[in-house]
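Novice: Just to be clear, the model below is a prediction. Sequence and coordinates:
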2 protein chains.
Amino acid sequence: MNLNRTSNELETILKFLKEIQSYSPLADHSEKALANICFTQKVGKNEVLQEIGKTCKTIYFVMEGSARIFYLKDGLEITEYFAFKNDLIVRAESLFKSLPSNKGIVSIEETLFVGIPSNALFSLFDEFHDIERLFRILIQTVYLETIKRLESIQFQTAEERYKGLLENHPEFIQKIPLKHIASYLGITQVSLSRIRAGIS
Amino acid sequence: MNLNRTSNELETILKFLKEIQSYSPLADHSEKALANICFTQKVGKNEVLQEIGKTCKTIYFVMEGSARIFYLKDGLEITEYFAFKNDLIVRAESLFKSLPSNKGIVSIEETLFVGIPSNALFSLFDEFHDIERLFRILIQTVYLETIKRLESIQFQTAEERYKGLLENHPEFIQKIPLKHIASYLGITQVSLSRIRAGIS
DNA sequence: TGATTTTTTTAACATTTGTAAAAAGAATAC
DNA sequence: GTATTCTTTTTACAAATGTTAAAAAAATCA
């Protein structure tokens, strides 16, 4: 175990290890090996965690706070993904293909992340079958979430999508500026305003 | 190796094993174990491969021909996914959660599949790390494709999406009825007709 | 607090897409 | 080969969403 850690860092990482094993349990030596490559990172509000144009080499988990993945279309920010407590946040295409990403990650509020360097993690995959399984199941899970989101955006009206978001993720509306929610829903800010006016 | 196989079946399965290892190679004994649980299935045009309402217990690959996943919305068929030669076709949510699926799989033309029973496959995951890795990478790949599709449906107009489909998958337009392409693109048949009229 | 910046709403108009029904065209079956 | 069915296009109108600009409201900062 890395001896340079503060007790705060250690506590965060232990909490993370416990949380992530709800997907698939790890043997003790696997858990230790994973713990060894993890690190914590705390950022303030609206701070850039990963820059557009750089290749993604770290897998992040949100331990406290929230963040989002965005990209630019015609100079405007489009929000692709929101991550809250216990959510994975990663620019998947860049990570898996080792290519520069056209997306960035920024925090929404003061946020505490646990980071895992992908190269070190991929090495652990070779050594520890159960670590690779855990991440196989994690990828499966985010894949299913993406299918759900695709279905909702393909076959629901903007109003249905907004209402669904209100029901399933009321925390979104509280913390996140509506312009980001609008682009996440695939509509303009004006359109979202109209929908909100029509509901209340 | 299962001795009840015809030489045709065997040939198909060997071709499949070769094809799938482009994602990640397998050791000889892993390859044999996987071969042992695979089977082939040939269906005619517009035939149901997996019924709506049943739980998905088989992972399919298209060896020849094409097929699609669909579901019903207000009594109408919505096509969610097309699979062509060498594509995976699976109702992921039902498979991974062991729940009855509200989706079905039907062939578009005469189609040859290789099927893998999921329970047997998951058992092989325990025994052969490299088989689980192969499928981890496969899931990764379809996850990235789903993200791409989400981006296109969220931030492109219907016309841009149709043109993109023409460019990237010209084979779609040749074999598949336009009504299915329309629902895949998230628009009505009438709208697709208008777009097509506007282009030529 | 007051000034400045950012976010959200509103308005007017344009464009896209949807709905329903009918007509035209293509494929299929007897 | 003709009748039947299925697919695609067209038309007319309705509804939803986009665009641009301005006003109002809220948040931030000095």
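Specialist: Sure thing, it's come through.

Novice: Any part of stretch A:35-51 near DNA strand C?
Specialist: No. Against DNA strand C, stretch A:35-51 shows no contacts by C-beta under 7 Å from any atom of the strand, the least distance being 7.9 Å. Any C-beta I mention is one placed from the backbone N, CA and C, and that applies to glycine too.

Novice: List the strands paired with the stretch of helix or strand residue A:61 belongs to, with their directions.
Specialist: Using DSSP states H and E, residue A:61 maps to strand A:58-64. Here strand A:58-64 has these sheet partners by DSSP bridges: strand A:88-89 (antiparallel), strand A:111-117 (antiparallel).

Novice: strands paired with the helix or strand following that strand, and their directions?
Specialist: Downstream of strand A:58-64, the next assigned helix or strand under DSSP H and E is strand A:67-73. For strand A:67-73, the paired strands and their directions (DSSP bridges) read strand A:76-83 (antiparallel), strand A:103-107 (antiparallel).

Novice: Quick check: mean pLDDT of the lengthiest helix in chain A?
Specialist: As assigned by DSSP state H, the longest helix anywhere in chain A is helix A:129-155. On average, the pLDDT along helix A:129-155 is 94.

Novice: ditto for stretch A:110-123
Specialist: For stretch A:110-123, mean pLDDT is 96.

Novice: who in chain A is up against DNA strand C?
Specialist: Counting by C-beta under 7 Å from any atom of the strand, the positions of chain A adjacent to DNA strand C are A:177-179, A:189-190, A:192-194, A:196-197.

Novice: what's across from the residue positioned nearest the centre of chain A in the sheet?
Specialist: The residue lying closest to the centre of chain A (C-alpha atoms, centre = their mean) is residue A:89, at 2.0 Å. Going by DSSP bridges, residue A:89 is paired in beta bridges with residue A:60.

Novice: who's in contact with it?
Specialist: Shown in contact with residue A:89 (C-beta atoms under 8 Å, 6 or more residues apart in numbering or on different chains): A:60-62, A:67, A:69, A:81, A:83, A:105, A:113.

Novice: And the pLDDT at it?
Specialist: Taking residue A:89 on its own, its pLDDT is 97.

Novice: next one: residue A:200
Specialist: At residue A:200, pLDDT is 48.

Novice: Quick check: which ranges of chain A have low pLDDT?
Specialist: Scanning chain A for pLDDT under 70 picks out the ranges A:1-3, A:199-200.

Novice: Contact residues of chain A facing DNA strand D?
Specialist: Contacts of chain A with DNA strand D, taken as C-beta under 7 Å from any atom of the strand, map to A:157-159, A:186-188, A:190-191, A:194-195.

Novice: on that earlier part again, mind listing what's buried in the strand holding residue A:61?
Specialist: Within strand A:58-64, the residues that count as buried by 16 or more other C-beta atoms under 10 Å in any protein chain shown are A:58-63.

Novice: Same question for stretch A:81-101.
Specialist: A:81-84, A:87-96, A:101.

Novice: And for stretch A:163-183?
Specialist: A:165, A:172, A:176, A:180-183.

Novice: Out of the residues you listed, flag the one nearest to residue A:125.
Specialist: residue A:172 (33.1 Å; C-beta to C-beta).

Novice: helices or strands up against the host helix or strand of the closest one?
Specialist: Per DSSP H and E: residue A:172 is located in helix A:170-175. Contacts defined by 3 or more C-beta pairs under 8 Å, 6 or more residues apart in numbering or on different chains; DSSP states H and E place helix A:170-175 against helix A:158-168.

Novice: what about the helix it packs on, distance to the chain center?
Specialist: Relative to its chain's centre, helix A:158-168 lies at 20 Å (C-alpha atoms, centre = their mean, to the nearest Å).

Novice: Okay, angle between it and helix A:129-155 too, please.
Specialist: Calculated by axes from the mean of the first three to the mean of the last three C-alpha atoms, to 10 degrees, helix A:158-168 forms an angle of 140 degrees with helix A:129-155.

Novice: Format the CA atom coordinates belonging to helix A:158-168 as CSV.
Specialist: Taking Å, rounded to 0.1, in the frame of the first residue of the first chain, the C-alpha atoms of helix A:158-168 are listed here in CSV:
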residue,chain,number,x,y,z
ALA,A,158,-38.8,16.6,-25.5
GLU,A,159,-41.5,17.1,-22.9
GLU,A,160,-41.6,13.4,-22.1
ARG,A,161,-37.9,13.3,-21.7
TYR,A,162,-37.8,16.4,-19.4
LYS,A,163,-40.6,14.9,-17.3
GLY,A,164,-38.7,11.6,-17.1
LEU,A,165,-35.6,13.4,-16.0
LEU,A,166,-37.6,15.2,-13.3
GLU,A,167,-38.9,11.9,-12.0
ASN,A,168,-35.7,9.7,-12.3
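
Novice: And stretch A:190-200, what's buried?
Specialist: A:192, A:195.

Novice: That stretch vs chain B: in contact?
Specialist: No. Stretch A:190-200 lies apart from chain B when judged by C-beta under 8 Å from any C-beta of the partner chain; the minimum separation is 13.5 Å.

Novice: Let me know the closest of the contacts of residue A:89 to residue A:16.
Specialist: residue A:61 (6.1 Å).

Novice: looking at it, the closest one is touching residue A:17, isn't it?
Specialist: No. Applying C-beta atoms under 8 Å, one finds residue A:61 not in contact with residue A:17, separated by 10.5 Å.

Novice: Redo the buried residues of stretch A:163-183 as a markdown table? Include distance to residue A:136.
Specialist: Listed next are the buried residues of stretch A:163-183 as a markdown table, based on distance: C-beta to C-beta, whole Å:
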| residue | distance to residue A:136 |
| --- | --- |
| A:165 | 29 |
| A:172 | 28 |
| A:176 | 31 |
| A:180 | 31 |
| A:181 | 31 |
| A:182 | 34 |
| A:183 | 31 |
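
Novice: wait, which of those is closest to DNA strand D?
Specialist: DNA strand D has its nearest neighbour among these in residue A:182, at 7.7 Å by C-beta to the nearest atom of the strand.

Novice: Now that closest one: which helix or strand?
Specialist: Assigned by DSSP H and E, residue A:182 belongs to helix A:178-185.

Novice: looking just at contacts, which helices and strands does that helix meet?
Specialist: Using 3+ C-beta pairs under 8 Å, 6+ apart, helix A:178-185 is in contact with strand A:67-73, strand A:76-83, helix A:158-168, helix A:189-199.
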